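Participant: sequence and predicted model, in that order:
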Amino acid sequence: MFKTKFSMQIHRQKNRHTHSDLRILNEDKTTLWSWALPKINFPGRGKKVLAIRTANHLVSYMYFQGTLKNGDKVTLFDRGDCKVLIETHNLIIIYFRGKKIKGAYNLIRMHNSKKDDSWIISKSRKSEG
């Protein structure tokens, strides 16, 4: 059973690089776990992408599309259901069921990060969940 939701937004910054934002509704249903990915799409099998953990966001950000006050533009890339399969301090495995993002993905914390906010996301070998 899929217990929570996710979204992936494309964030086109006015004066910086475009990146994507992964949002996962925390099981308490009050906040969003959030990561910024410098790549627009999720990694395919055998690929890895840096994911920077950002501050939890309000649930109202989950499906936001439009122009921010600073002129940045946000569009929704994908949304759907997800299920957290494993959650530890250093590893989160999530099964996504969206229109574009499907399957299990690993989020692995990088220990050389000063604040432990750098993670690597990759498609899990367990593609069925």
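Facilitator: Here it is on my side, so go on. Residues are numbered from 1 along each chain as shown.
Participant: where's Ile101 relative to Arg45, distance?
Facilitator: In this structure, Ile101 and Arg45 are 13 Å apart, going by Cβ to Cβ, to the nearest Å. To be clear about C-beta, it is placed using only N, CA and C from the backbone, and glycine gets the same treatment.
Participant: Ser34 now?
Facilitator: From Ser34 over to Arg45 the distance is 25 Å, taken as Cβ to Cβ.
Participant: these two: which is more packed in?
Facilitator: Shown here are Ser34 and Arg45; by other Cβ atoms under 10 Å, Ser34 has more neighbours (19 against 10).
Participant: just confirm the more buried one contacts Ser20, I think it does.
Facilitator: No - with contact defined as Cβ atoms under 8 Å, Ser34 does not reach Ser20; the gap is 11.1 Å.
Participant: and the one residue sitting closest to the centre of the chain, how far is that from Asn41?
Facilitator: When Cα atoms, centre = their mean is applied to the chain, the residue found nearest the centroid is Leu22 (2.4 Å). Distance, Leu22 to Asn41, by Cβ to Cβ: 11 Å.
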